[in-house]
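A.B. asks: Would you be able to build a 3D model of this:
(one chain, ligands or ions: 1)
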Amino acid sequence: MNWPVPELPEVETIVRDLRPELTSRLIENPRLFYSDVLYGVTSRKLLAGLRGRRIVEVFRRAKHAVFLLDSGVRLIIQPGMSGVMLVYRGSPSAAEQRYAVLTAELSGGSTFMYRDVRRLGTILLLDEQGWRAYTARIGPEPLADDFRVADLAARLGGSRQAVKKVIMDQHRLAGVGNIYANEALFRARIDPSLPADRLDPSQVARLYRSIRTVLSQAIASQGTTFRDYRTGTGARGSFQFRLHVYGREGRPCRRCGATLAMTHSIDGRATTFCWRCQAVRSLNDA
Ligand SMILES: [Zn+2]
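C.D. replies: Numbers count the residues shown, from 1 in each chain. Below is the predicted model:
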């Protein structure tokens, strides 16, 4: 099985846990154990950019954790499917150090660690200009206060691709991956293969509400843990117990009882759906 990468709710959970532990701390001793996760930065440059810097802000953008330093530079960590970010009071044990990719001793005696067994994550270090270019390439945040139905409509409108593929496209919309695309489309009762430009206004409005509701509920549940994902305190998320379709193919639809179907034909990923609840076509096709 293709294990999912942390999506918006998982990274948001990690960031909320890390924020109080990291904000205003000084990075005293950063160490990088593997450089194959670096993107656009050398090991030496990364460490020089972190050493002696104060962390002024910790936040999320799309599926990435962003650490703003007092130099104006941003450290960005996109945890892969096995990436975990934790803060230890004191020093981690040798066992805890296993698979460490980046560690940083902090003022106050704690230690930040990014651990990644498979090292499919990415680390970037961006100056102001690099950050602006980076964030401009990513679509709007679906949970932002100023994200409206009209914004989603605009993001969908120009595409004939399957709506599922479009809402997972990070250039169009930030943070939604396979789990929450499946869940949002089920909740909105929309066929995941429907071309995005065929959704009628009521479907767009339902999808908008569903995406925001599903993401918010998943954050409230601290994300979905199938295997490796952990919160910023090392706990498991619990949204896996509240999924309606993702990973439930062959089981009964929680709404109508029909057997859930699964296909890889939309985007190569597992799309699980209810052929009955999500069969209603767009009014645009009538
Ligand atoms: Zn159903």
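
A.B. asks: just how off-centre is the lowest-mean-pLDDT helix or strand in the chain within its chain?
C.D. replies: Each helix and strand of the chain was given a mean pLDDT (mean pLDDT, DSSP states H and E); the minimum falls on helix 94-97 at a mean of 89. In terms of CA atoms, centre = their mean, to the nearest Å, the centre of helix 94-97 is found 26 Å from the chain centre.

A.B. asks: elements contacting that helix?
C.D. replies: Packing partners of helix 94-97 (3 or more CB pairs under 8 Å, 6 or more residues apart in numbering; DSSP states H and E): strand 110-116. Bear in mind the C-beta positions are built from the backbone N, C-alpha and C, glycine included.

A.B. asks: Can you show me the strands along the stretch 151-286 of the chain?
C.D. replies: For the stretch 151-286 of the chain, applying DSSP state E, counting those that start in this stretch gives strands covering 261-263, 271-273.

A.B. asks: Tell me how many other residues crowd the closest residue to the ion within the stretch 101-250 of the chain.
C.D. replies: Closest residue of the stretch 101-250 of the chain to the ion, CB to the ion: Phe186 (8.1 Å). Residues near Phe186, counting by other CB atoms under 10 Å, number 26.

A.B. asks: how much space between it and Cys277?
C.D. replies: 7 Å (CB to CB, to the nearest Å).

A.B. asks: again with Gly247
C.D. replies: Using CB to CB, we find Gly247 at a distance of 17 Å from Cys277.

A.B. asks: So if I had to pick from those two, which one is more boxed in?
C.D. replies: Between Gly247 and Cys277, Cys277 has the larger neighbour count (other CB under 10 Å), namely 21 against 17.

A.B. asks: just to revisit the earlier point, may I see the strands of the stretch 151-286 of the chain organised as TSV, with distance to the ion added?
C.D. replies: Formatted as TSV, these follow (distance: least, CB to the ion, whole Å):
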stretch	distance to the ion
strand 261-263	10
strand 271-273	9
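
A.B. asks: Tally up the residues packed near Glu105, please.
C.D. replies: When neighbours are counted by other CB under 10 Å, Glu105 registers 19.

A.B. asks: pLDDT (mean, whole number) over the longest helix along the chain?
C.D. replies: Ranked by residue count and defined by DSSP state H, the top helix of the chain is helix 201-220. Averaging pLDDT along helix 201-220 gives 98.

A.B. asks: Then stretch 148-168?
C.D. replies: Mean predicted confidence for stretch 148-168 is 96.

A.B. asks: for it, how far is the first residue from the last?
C.D. replies: By CA to CA, to the nearest Å, the extent of stretch 148-168 from end to end equals 18 Å.

A.B. asks: likewise stretch 189-207?
C.D. replies: End to end - CA to CA - stretch 189-207 spans 8 Å.

A.B. asks: Only C-alpha atoms, please: export the least confident helix or strand of the chain in PDB.
C.D. replies: Extracted as PDB, the C-alpha positions of helix 94-97 are listed here (Å, rounded to 0.1, in the frame of the first residue of the first chain):
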ATOM      1  CA  ALA A  94      20.500   7.200  21.700                       C
ATOM      2  CA  ALA A  95      17.400   5.200  20.700                       C
ATOM      3  CA  GLU A  96      15.500   8.400  20.100                       C
ATOM      4  CA  GLN A  97      18.300   9.700  18.000                       C
END
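
A.B. asks: got a pLDDT number for the closest residue in space to Glu249 that isn't next to it in sequence?
C.D. replies: In this structure, Glu249 finds its nearest non-sequential neighbour in Met262, 3.5 Å apart by CB to CB, 6 or more residues apart in numbering. Note on Met262: pLDDT of 97.

A.B. asks: didn't Met262 look like it was pressed against Cys274?
C.D. replies: No - judged on CB atoms under 8 Å, Met262 makes no contact with Cys274 at a distance of 11.0 Å.

A.B. asks: Comparing these two, which residue is more hemmed in?
C.D. replies: Neighbours were counted for Met262 and for Cys274 using other CB under 10 Å; Cys274 has more, 24 against 15.

A.B. asks: so Gln170 sits right up against Gly139, yeah?
C.D. replies: Yes - in this structure Gln170 lies within contact range of Gly139 using CB under 8 Å: 6.4 Å.

A.B. asks: now the residue nearest to Lys164 when sequence neighbours are not counted: how far from Thr271?
C.D. replies: Using CB to CB, 6+ apart and skipping residues adjacent in sequence, the residue nearest Lys164 is Pro192, 3.9 Å away. Distance of Pro192 to Thr271, given as CB to CB: 5 Å.
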